[in-house]
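Engineer: Need a 3D model of the following:
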Amino acid sequence: MTHVNDKTKFNLKEQILTLFSKYSMVIILVALLIAFQTMTGGIFLRPLNITNIILQNSHILILAVGMLLVVLLGVVDLSVGSVMAFVGAIAGILMINQKMSPWLVVPICLLVGAIIGAWQGFWVAYVGIPAFIVTLAGLLMFRGLTQVVLGGQSLAPFPRIFQKISTGYLPDVLTTGSGLKMLTLILGLILTLILVWGQFNQRKKRQSNLFEVESNNLFIAKIAFTALVVMGLSYTFALYQGFPVILLILGTLVAIYHFVTNQTVVGRQIYAIGGNRKAAELSGINDKKLTFLVFVNMGVLAALAGLVLAARLNASTPQAGNSLELDAMAAVYFGGASTSGGIGTIMGAIVGGLVMGVLNNGMSILGVGVDWQQAIKGLILLLAVVIDIYNKKRK
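Structural biologist: Next comes the predicted model:
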């Protein structure tokens, strides 16, 4: 009897450790939400503040999506903050000084981001210069060019339609007397059903391919947690102004890149290159082309993040994007990506970015100084890497 009890305790301990290693950042995020809600006297989870967290961190989350692909290759991009500032400066020149339409300027700025990504990707992929050196040069070069383009001055304001990218909300065509944004609730319900169906479908495929899946109880708990989070957030947004436009843009990006990294040949090849570049080359994968394309993609997403930040600030400033490359990398590593490449997920990067956003917002409400905020975030980044190393040793 004692032997059976010890075995049961051991199995339970292993299941808990496995659960924590797989969902560590989600658990930490939930713990932070509960802690800040308690410490702020219920202010933290108010609809207005939840909306502010999304608006304030949307550009970092966009950067994190692109940075994940770069990190999967086992490299980093240090230039993204400067690229954001440079693209924001170009947008200001064209929209504010030249009075060009935002509908024309936005594609031009995204093209500029792609060209910048191609420039850096060429040196990394085809010339063989380390990405750290190339992107460090890009950080300095594009920060300097931003100063040149703006002449050291800020440009403002942007057209109102452009500001809607970062500060607009989904219009509610289903008005009721309750004050709730019904369209937001309906879209939240549809999204919940899609996510639940997707998880059931994925589990069924893994079972048919004889892969190991989680227990029924754990799977049901995961489904219930997903539904609770999505519907809870939808209800929270519905109590205020509805879904922010930027959240819809971000959700679309996450869905596309989640599909690319999990369901396409290109996504699998990126993981393969990060896992073992030499083996990937020997198996016929064109690692130079994929590396080049990953940097082009990073340039486009950095440009998009720069436009979102400019729209939120309602100005092009030389200081825009300072140190945001560090925030993007921290979000990716918080989310479970490996520093050596080949390991990481889009959803993990988003959760990591939200952990940072929640920390920033919660500590600001509590009156914690910026200096202490930086120190605490640095400590948590180190903790994330320690957890990553611990999980590798357990496997």
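
Engineer: For the residue nearest to Leu381 when sequence neighbours are not counted, the count of nearby residues, please.
Structural biologist: Spatially, and ignoring its direct neighbours in sequence, Leu381 is nearest to Ala330 (5.1 Å; CB to CB, 6 or more residues apart in numbering). Every C-beta, even on glycine, is put in place using the N, C-alpha and C of the backbone. Neighbours of Ala330 under the rule other CB atoms under 10 Å: 22.

Engineer: Am I right that Ala330 falls within a strand?
Structural biologist: No. Read with DSSP: H, G, I helix; E, B strand; the rest coil, Ala330 is helix and lies in no strand.

Engineer: quick one: contacts for it?
Structural biologist: Counting by CB atoms under 8 Å, 6 or more residues apart in numbering, Ala330 touches Gly352, Met356, Lys377, Leu381.

Engineer: Closest one of these to Val149?
Structural biologist: Of all those, Met356 has the smallest distance to Val149: 29.2 Å, by CB to CB.

Engineer: So what does the closest one have for phi and psi?
Structural biologist: Dihedral pair for Met356: phi -60, psi -40, per degrees, to the nearest 10.

Engineer: Apart from its neighbours in sequence, what residue is nearest it?
Structural biologist: Among residues not flanking Met356 along the chain, Ala331 sits closest, at 5.7 Å (CB to CB, 6+ apart).

Engineer: again, but for Leu366
Structural biologist: Excluding its sequence neighbours, the residue lying closest to Leu366 (CB to CB, 6+ apart) is Met39, at 6.1 Å.

Engineer: Count the residues that sit near that neighbour.
Structural biologist: There are 13 residues near Met39, going by other CB under 10 Å.

Engineer: Mind pulling up the pLDDT for it?
Structural biologist: You'll see Met39 listed with a pLDDT of 90.

Engineer: Hmm, it is touching Gly362, no?
Structural biologist: Yes. Counting by CB atoms under 8 Å, Gly362 is a contact partner of Met39 at 7.5 Å.

Engineer: residues contacting the closest residue to Ser234 other than its chain neighbours?
Structural biologist: Distance criterion CB to CB, 6+ apart; nearest residue to Ser234, sequence neighbours excluded, is Gly188 at 2.4 Å. Under the criterion of CB under 8 Å, 6+ apart, the neighbours of Gly188 are Val230, Met231, Leu233, Ser234, Tyr235, Phe237, Ala238.

Engineer: Looking at these, which are in helices?
Structural biologist: Using DSSP state H, the members of these that fall within helices are Val230, Met231, Leu233, Ser234, Tyr235, Phe237, Ala238.

Engineer: buried subset of those residues?
Structural biologist: Val230, Leu233, Ser234, Phe237, Ala238 (16 or more other CB atoms under 10 Å).

Engineer: quick one: which of the residues you listed is nearest Arg203?
Structural biologist: Ranked by distance to Arg203 (CB to CB), those are led by Val230 at 18.1 Å.

Engineer: Only alpha carbons, please: show stretch 70-90 as PDB.
Structural biologist: Provided in PDB are the C-alpha atoms of stretch 70-90 (Å, rounded to 0.1, in the frame of the first residue of the first chain):
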ATOM      1  CA  VAL A  70      14.500  35.400 -36.200                       C
ATOM      2  CA  VAL A  71      15.200  33.700 -32.800                       C
ATOM      3  CA  LEU A  72      14.100  30.300 -34.200                       C
ATOM      4  CA  LEU A  73      17.100  30.600 -36.600                       C
ATOM      5  CA  GLY A  74      19.400  31.100 -33.600                       C
ATOM      6  CA  VAL A  75      20.100  34.800 -34.200                       C
ATOM      7  CA  VAL A  76      18.700  38.200 -33.100                       C
ATOM      8  CA  ASP A  77      17.800  41.500 -34.700                       C
ATOM      9  CA  LEU A  78      19.000  44.500 -32.800                       C
ATOM     10  CA  SER A  79      17.800  47.100 -35.300                       C
ATOM     11  CA  VAL A  80      14.000  46.800 -35.000                       C
ATOM     12  CA  GLY A  81      13.600  49.800 -32.600                       C
ATOM     13  CA  SER A  82      15.500  52.000 -35.000                       C
ATOM     14  CA  VAL A  83      13.700  50.700 -38.000                       C
ATOM     15  CA  MET A  84      10.400  51.500 -36.300                       C
ATOM     16  CA  ALA A  85      11.600  55.100 -35.700                       C
ATOM     17  CA  PHE A  86      12.800  55.500 -39.200                       C
ATOM     18  CA  VAL A  87       9.500  54.200 -40.800                       C
ATOM     19  CA  GLY A  88       7.500  56.400 -38.400                       C
ATOM     20  CA  ALA A  89       9.600  59.400 -39.600                       C
ATOM     21  CA  ILE A  90       8.900  58.600 -43.200                       C
END
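
Engineer: my guess is Phe243 meets Thr236, correct?
Structural biologist: No. Using CB under 8 Å, Phe243 is not in contact with Thr236; the gap is 10.5 Å.
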